[in-house]
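Participant: Sequence first, then the predicted structure:
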Amino acid sequence: MLNRDMCACFEVVASKDFDSRSKMYRRRAFTLVELLVVIAIIGILIGMLLPAVQQVREAARRVTCSNNMRQMSLATLNYESAHKAFPTTWQPVGDLSNGTAVGWSVQTQILPFLEQANLYDSIDFSVSYDTHPPVDLGGIITKLPSARVASYLCPSEKNDRIRLKNGAPIHYPLNYAANAGTWFVFDPSNGRVGPGAMAVLKRIPIASFTDGTSNTMFYGEVKAYTPYFRNAGMTGELSIPLSPNAIAGMGGQFKTNSGHTEWVDGRAHQTSFTATFSPNTRVPYTVGSVEYDVDWTNQQEGKSTTASTYAAVTSRSYHPGGVNTARADGSVSFESDSIDLFAWQALATRNGGEINLD
């Protein structure tokens with residue numbers, strides 16, 4: 001039998017062994033303070049890495065965007081090869097004499113050269129897109145203008161969504177607009193057109209690009225759902241505004257968020273841009289406590305037989321520092337927000353005779 005001393009010894013050894021194991025277990029566990037420190041370190045690392053990840057993603061989106069624009073530029077050149085002239089910015093349907101005509105866009109006309117022959121074949125260009133019969137889009141019968149054309153959308157666009165009217169799909173936006181010139185677009189009284197790469201009613205031949213195809217833009221980026229003024233209806237020759245702050249005072253009907261939301265509509269505020277102001281210039285208009293960044297069109301094409309279309313439709317993008325542009329030689333370039341205005345406007349004319357400062 002064990003005596004008391006031996007029992008006591010065993011108890012001491014057992015106690016020490018238990019304490020040792022207990023301390024070992026306690027050493028393996030994290031304290032609350034240690035957990036908080038680890039979480040804080042992880043948070044700091046994520047905060048440091050996130051901007052880098054976002055920059056990489058944005059760089060990838062910008063590359064995709066430039067590829068889209070290159071394909072559009074090549075499609076437009078292929079259109080010219082087939083038709084011996086470039087497409088019109090506004091191909092009318094309806095009576096031009098009473099202000100009821102609407103017009104199809106450049107973007108609809110180049111579809112077959114963008115591997116979109118099925119969509120193109122479903123379009124009846126003899127009727128208005130507003131009254132066009134529904135079409136079969138991948139097994140879904142819907143309105144033609146509500147079709148999403150991926151090649152016309154930048155991956156950085158924050159409003160890549162269908163436009164609704166009374167809850168029903170009506171239009172889909174776009175991000176790549178045709179170069180309609182610098183300010184003057186179209187005079188309905190005599191058919192005179194602006195100096196852009198493409199024009200209202202007229203198919204411009206490549207021989208008219210006396211500035212050189214490498215010095216003339218085909219397309220520039222725009223933001224979907226841009227607020228704009230339209231139909232101020234001023235007559236006579238309008239001088240180009242020297243400051244974006246002058247635009248709001250020129251008036252017209254204000255639309256809060258429907259510019260560049262109709263890829264089928266050939267009017268300037270929907271599928272074109274002008275180089276009135278340099279890329280991403282903020283054109284302010286304040287209503288109450290809300291300041292909008294706006295575009296302006298004196299008169300919608302087809303809405304008047306006397307008032308000319310002048311337009312300040314700025315090229316904008318979500319890419320930091322500038323916009324992607326596609327030129328008439330098939331190349332793509334990224335134009336900085338700080339580009340000299342004269343150089344920017346020179347790129348927007350096909351025959352201006354300017355010295356290219358780009």
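Facilitator: Structure received.
Participant: just the strands in the stretch 151-300 of the chain please.
Facilitator: Using DSSP state E, counting those that start in this stretch, the strands of the stretch 151-300 of the chain run over residues 163-165, 168-171, 176-179, 184-186, 217-221, 226-230, 253-259, 272-273, 284-287, 290-293, 295-297.
Participant: Packed most tightly, which of the ones you listed would that be?
Facilitator: strand 272-273 (a mean of 32; mean count of other CB atoms under 10 Å). No exception for glycine: its C-beta is placed from N, CA and C like everyone else's.
Participant: which neighbours does that one have in its sheet, and in what orientation?
Facilitator: strand 176-179 (parallel) (DSSP bridges).
Participant: for the strand it pairs with, the distance to its chain's centre please.
Facilitator: 10 Å (CA atoms, centre = their mean, to the nearest Å).
Participant: What of stretch 107-117?
Facilitator: 19 Å.
Participant: Kindly report the same for stretch 61-79.
Facilitator: Distance, centroid of stretch 61-79 to centroid of chain: 13 Å (CA atoms, centre = their mean).
Participant: Buried residues, it. List them.
Facilitator: 61-62, 65-66, 68-77, 79 (16 or more other CB atoms under 10 Å).
Participant: Go through those and name the one nearest Pro155.
Facilitator: Pro155 has its nearest neighbour among the buried residues of stretch 61-79 in Arg61, at 4.0 Å by CB to CB.
Participant: I figured the closest one was touching Ser156, is that so?
Facilitator: Yes. Taking contacts as CB atoms under 8 Å, Arg61 lies within contact range of Ser156: 4.7 Å.
Participant: shared neighbours of those two, which are they?
Facilitator: Counting by CB atoms under 8 Å, 6 or more residues apart in numbering, the contacts common to Arg61 and Ser156 are His319.
Participant: Doesn't Thr349 lie inside a helix?
Facilitator: No. Counting by DSSP: H, G, I helix; E, B strand; the rest coil, Thr349 is located in no helix; its state is coil.
Participant: ok, how many other residues are close to the nearest residue to it once chain neighbours are set aside?
Facilitator: Nearest residue to Thr349 in three dimensions, chain neighbours excluded: Pro195, at 4.1 Å (CB to CB, 6 or more residues apart in numbering). Neighbour count for Pro195, taken as other CB atoms under 10 Å: 22.
Participant: Surely Pro195 and Ala346 touch.
Facilitator: No. Between Pro195 and Ala346 there is no contact under CB under 8 Å: 10.3 Å.
Participant: tell me, what's touching the two both at once?
Facilitator: Common contact partners of Pro195 and Ala346 (CB under 8 Å, 6+ apart): Gly352.
Participant: Report the distance from the helix ranked longest in the chain to the chain centre.
Facilitator: Criterion DSSP state H: the longest helix present in the chain is helix 32-83. Computed by CA atoms, centre = their mean, the chain-centroid distance of helix 32-83 equals 16 Å.
Participant: Show me what that helix is packed up against.
Facilitator: strand 176-179, strand 217-221, strand 322-327, strand 332-336 (3 or more CB pairs under 8 Å, 6 or more residues apart in numbering; DSSP states H and E).
Participant: which strands and helices sit next to whichever helix or strand comes after it?
Facilitator: Using DSSP states H and E, the helix or strand that follows helix 32-83 in sequence is strand 91-93. Counting contacts by 3+ CB pairs under 8 Å, 6+ apart, strand 91-93 packs against strand 102-104.
Participant: downstream neighbour of the strand it packs on in the secondary structure list?
Facilitator: Next along from strand 102-104, by DSSP H and E: helix 106-109.
Participant: Tell me the helix or strand right after that next one.
Facilitator: Taking DSSP H and E, what comes next after helix 106-109 is helix 117-121.
Participant: pLDDT below threshold where in the stretch 151-300 of the chain?
Facilitator: Nowhere does the stretch 151-300 of the chain drop to pLDDT under 70.
Participant: is it fair to say Ala346 lies in a helix?
Facilitator: Yes. Under three-state DSSP, Ala346 sits within a helix.
Participant: and the gap between it and Glu237?
Facilitator: 21 Å (CB to CB, to the nearest Å).
Participant: Could you check which of those two has the larger neighbour count?
Facilitator: With neighbours defined as other CB under 10 Å, Ala346 and Glu237 compare such that Ala346 has more, 22 against 9.
Participant: give the contact list for the spatially closest residue to that one that is not a sequence neighbour.
Facilitator: In this structure, Ala346 finds its nearest non-sequential neighbour in Glu354, 3.7 Å apart by CB to CB, 6+ apart. Counting by CB under 8 Å, 6+ apart, Glu354 touches Asp211, Phe342, Gln345, Ala346.
Participant: Repeat the analysis, applying 10 Å as the threshold.
Facilitator: Neighbouring residues of Glu354 by CB atoms under 10 Å, 6 or more residues apart in numbering: Asp211, Asn215, Phe342, Ala343, Gln345, Ala346, Leu347, Ala348.
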